[in-house]
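**Student:** below: sequence and its predicted model.
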Amino acid sequence: MHTYGIIGYPLSHSFSSKIFEDIFWRESLDCRYVNFEIRDLEQLDEFLSKREFNGLNITHPFKEAIISRLDELDPVASQIGAVNVVVNRDGRLVGYNTDSDGFKRSLLSYYEDTSMPQPPRRVMVLGTGGAARAVCHALSGLNRDVTNVSRDPGKARITYDMLNREILDAHQLIVNCTPLGMYPDVDSAPPIPYHLLSHRHVLYDLVYNPPFTTFMRLGQQHGAITINGRVMLQYQAMAAWDIWRSEIMRKEY
């Protein structure tokens, strides 16, 4: 049996197991998908050393920390500086990033499906972690100008307390790449001045559980359009499965 799974903490919010179990059932594969809750780097190192898996999804808080523990990086993952997919290739751990492509495909499909103009030229990205790195990479590929926002002035161009009407008016697409609002902490939200939003704004929340986050609710109260991260999850998962399935095919043939 092939073993796949997700590592991170917490994992109570994750829908990944359902996605991949459906794939395994549909393709009649002898595979299983496991939630591996890992709290710290010591546990991470112990888990990886055993190599008792064929492939992994990587989520918060390890998308950046895992890089130094891998044997090889795909060029895209190396450029982004974050990994969300790992394949065990004959004992060598190889890291990939499918978040960037998943975000890009989900964003473009949303604008196409709604017949809206293309995403605006300037985009605000909340957060500076691994998910934010992937989103910034995707937006750069779409020739968009990105403004990162963080609580830490050393990690971003601006901090939350610097946000004002002028800045928000100039950034009509705002992407939440933080875990704020994710189950079970559903009442939290990025501390942006929601009262300055309008119907011209689109708020994209990478958080997909719950499907309607506090970030989205506060945005809608001021007229903003909101997007949930579930479609991105589906796209990045299918890209991860393409990587893992290619490895299965390589070994069989």
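**Tutor:** Great, that's in hand. Residues are numbered from 1 along each chain as shown.
**Student:** Leu108 falls within a helix, correct?
**Tutor:** Yes - judged by DSSP: H, G, I helix; E, B strand; the rest coil, Leu108 forms part of a helix.
**Student:** residues contacting it?
**Tutor:** Residues in contact with Leu108 (Cβ atoms under 8 Å, 6 or more residues apart in numbering) are Pro119, Leu142. All C-beta spots, glycine's among them, are computed from the backbone N, C-alpha and C.
**Student:** which residues in this structure form helices?
**Tutor:** Using DSSP state H, the helices of the chain run over 16-26, 41-50, 75-80, 99-113, 130-141, 165-170, 214-220, 230-252.
**Student:** can you redo those as TSV with mean pLDDT and distance to Leu93?
**Tutor:** Formatted as TSV, the helices of the chain follow (pLDDT from 0 to 100; distance: least, Cβ to Cβ, whole Å):
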stretch	mean pLDDT	distance to Leu93
helix 16-26	94	19
helix 41-50	96	7
helix 75-80	97	12
helix 99-113	93	18
helix 130-141	96	17
helix 165-170	97	41
helix 214-220	98	34
helix 230-252	90	12
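**Student:** most tightly surrounded among the ones you listed?
**Tutor:** Scoring these by mean neighbour count under mean count of other Cβ atoms under 10 Å gives helix 130-141 as the most buried, with a mean of 23.
**Student:** how about the residue nearest to the spatial centre of the chain: what's its closest non-neighbour residue?
**Tutor:** Closest to where the C-alpha atoms of the chain average out (Cα atoms, centre = their mean) is Ala131, at 4.5 Å. With sequence-adjacent residues excluded and distances taken as Cβ to Cβ, 6 or more residues apart in numbering, Ala131 is closest to Cys177, at 4.4 Å.
**Student:** so that neighbour touches Gly129, yeah?
**Tutor:** Yes - if you go by Cβ atoms under 8 Å, Cys177 and Gly129 touch, sitting 6.8 Å apart.
**Student:** can you spell out the domain ranges of this structure, please?
**Tutor:** As given by automatic domain parsing, the domain ranges for the chain are 2-98+233-252, 100-231.
**Student:** show me what contacts Thr128?
**Tutor:** Asn148, Ser150, Asp152, Lys155, Ala156.
**Student:** the third one: neighbour count?
**Tutor:** What it means is Asp152. Using other Cβ atoms under 10 Å, the number of residues around Asp152 comes to 8.
**Student:** check contacts around the residue nearest to Ala131.
**Tutor:** Listed by Cβ under 8 Å, 6+ apart, the contact partners of Cys177 are Val125, Leu126, Gly127, Gly129, Ala131, Ala132, Val135, Leu206.
**Student:** out of those, who's nearest Ser198?
**Tutor:** Minimum distance to Ser198 across the contacts of Cys177 is 17.9 Å, recorded for Leu126 (Cβ to Cβ).
**Student:** from memory the closest one sits against Gly181, does it?
**Tutor:** No - assessed by Cβ under 8 Å, Leu126 is found out of contact with Gly181, at 10.9 Å.
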